[in-house]
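1. mind looking at a prediction? Sequence and model below.
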Amino acid sequence: MSIPAKDQLLKEVERCIVLLKGGELEELIGACLKNGLPALEILSAMAKGMEEVGKKYEAQEYFLSELIFSGEIFKKGMKLLEPYLKCESKEETSCVVVVGTVMNDLHDIGKNIFITLLMAAGFKVVDLGVDVPPEKFVEAVKENNAKIVGISALLTSTAPGIRDIIKMLEKEDLRGKVKVIVGGAALTHEMAKELGADAYAETAVRGVDICKKWMMEI
Ligand code: B12
């Protein structure tokens, strides 16, 4: 398949998310996979579409119902891609990563992508879900002897909750035993540093690379 045709398909995927065309998206994903496009590239195109949806929401062109709908469409698409992402699975590691979305934040699409890619890379993952209070992170680290904590934050208002998780890990004498990685649209490298995290990743792919590097050092 020629490069422009591949790019065209990915542009169409992005457009389907932006225009909330769920049925069409599912067909397109099938066509992309049939044409040998890597699942990760399809997922990136879908994520780009979500960024656009966010912009439309900010511009009051879209409202909450569209945000909800876009999330549902994304999740359906993601389900189709999951087996392909997991197929690239490497050998298992004993490294456990505890992952959750910060308290009072219900966004989980980015977190779930990070989890899928972690699992595809052989990590064991404990998914705490969304709206996770700090004590749940601490409990899960203790129970699973986790070496890495991944926290997702999409809302500027609740992202500072990351500091509470890190403080609680310190209080329980666990901070020296775990690495903390954060991600999500509400954060930047600077904010992550200020909040006390060890690393920030703009994308789930980058996040997994950082975890792999840590795993070698642990
Ligand atoms: C879909 C969506 C929703 C859906 C979420 C569905 C779901 N199940 O997740 C629903 C409808 C529930 C929702 C609700 C709200 N939302 Co909303 N939402 C979005 C939207 C459009 C897309 C988010 C998304 O899934 N993107 C796609 C994924 C793939 O991207 P991502 O999450 O950034 O993840 C990538 C990386 O960041 C990274 N990553 C993410 N987490 C992690 C974690 C780790 C450890 C690592 C390594 C990497 C990593 O990996 C991913 C892939 O590379 C964004 C727009 C945007 N630009 O983000 C707004 C957005 C986040 N929402 C926003 C708002 C305001 C809200 C509401 C307050 C709206 C309201 N009035 O009620 C509520 C809040 C509810 C709550 N308490 O959480 C604002 C936040 C503004 C701000 N700066 O605080 C945004 C930015 C929209 C906007 N431009 O105004 N939302």
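-> In hand now; what should we look at? Residues are numbered from 1 along each chain as shown.
2. for this protein, which spans come out with low pLDDT?
-> Scanning the chain with the threshold set as pLDDT under 70 gives 1-4, 88-91.
3. please enumerate the helices of it.
-> Along the chain, counting by DSSP state H, helices occupy 3-18, 22-34, 39-58, 64-87, 109-120, 134-144, 161-171, 189-195, 204-217.
4. residue contacts, residue 52?
-> 14, 17, 18 (CB atoms under 8 Å, 6 or more residues apart in numbering). Any C-beta I mention is one placed from the backbone N, CA and C, and that applies to glycine too.
5. quick one: which of those residues is nearest the ligand?
-> Nearest to the ligand, judged by CB to the nearest ligand atom, of these is residue 17 at 9.0 Å.
6. so who does the residue nearest to the closest one when sequence neighbours are not counted touch?
-> Closest residue to residue 17 apart from its sequence neighbours, by CB to CB, 6 or more residues apart in numbering: residue 49 at 2.7 Å. Counting by CB under 8 Å, 6+ apart, residue 49 makes contact with 13, 14, 15, 16, 17, 18, 70.
7. how close does residue 49 get to residue 158?
-> 24 Å (CB to CB, to the nearest Å).
8. and the protein, which residues reach the ligand?
-> Counting by CB under 6 Å from any ligand atom, the chain comes close to the ligand at 47, 50-51, 53-54, 57-58, 64, 67-68, 70-71, 104-111, 113-114, 150-152, 154-157, 181-186, 201, 203-204, 207.
9. drop anything exposed from those.
-> 47, 50, 53, 70-71, 105, 107-111, 113-114, 150-152, 154-155, 181-186, 201, 204, 207 (16 or more other CB atoms under 10 Å).
10. ok, the contacts of residue 52 vs residue 81, which is closest?
-> Distance to residue 81, by CB to CB, is smallest for residue 17 among those, at 13.0 Å.
11. that closest one reaches residue 73, doesn't it?
-> Yes: look at residue 17 against residue 73 with CB atoms under 8 Å: they come within range, at 6.4 Å.
12. mind listing the shared neighbours of these two?
-> residue 25.
13. now tabulate the contacts of residue 52 in JSON lines and tack on neighbour count.
-> Compiled in JSON lines, those are given as follows (neighbours: other CB atoms under 10 Å):
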{"residue": "14", "neighbour count": "21"}
{"residue": "17", "neighbour count": "23"}
{"residue": "18", "neighbour count": "18"}
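14. closest to residue 80 among these?
-> Using CB to CB, these come closest to residue 80 at residue 17, 13.4 Å.
15. how far away is the closest one from residue 23?
-> 13 Å.
16. please enumerate the shared neighbours of these two.
-> With the criterion set as CB under 8 Å, 6+ apart, the contacts of residue 17 and residue 23 do not overlap.
17. what's the neighbour count on residue 79?
-> Using other CB atoms under 10 Å, residue 79 has 11 other residues around it.
18. could you number the chain from 540 rather than 1 from now on?
-> Happy to do that; since the first residue is 540 now, the last one works out to residue 618.
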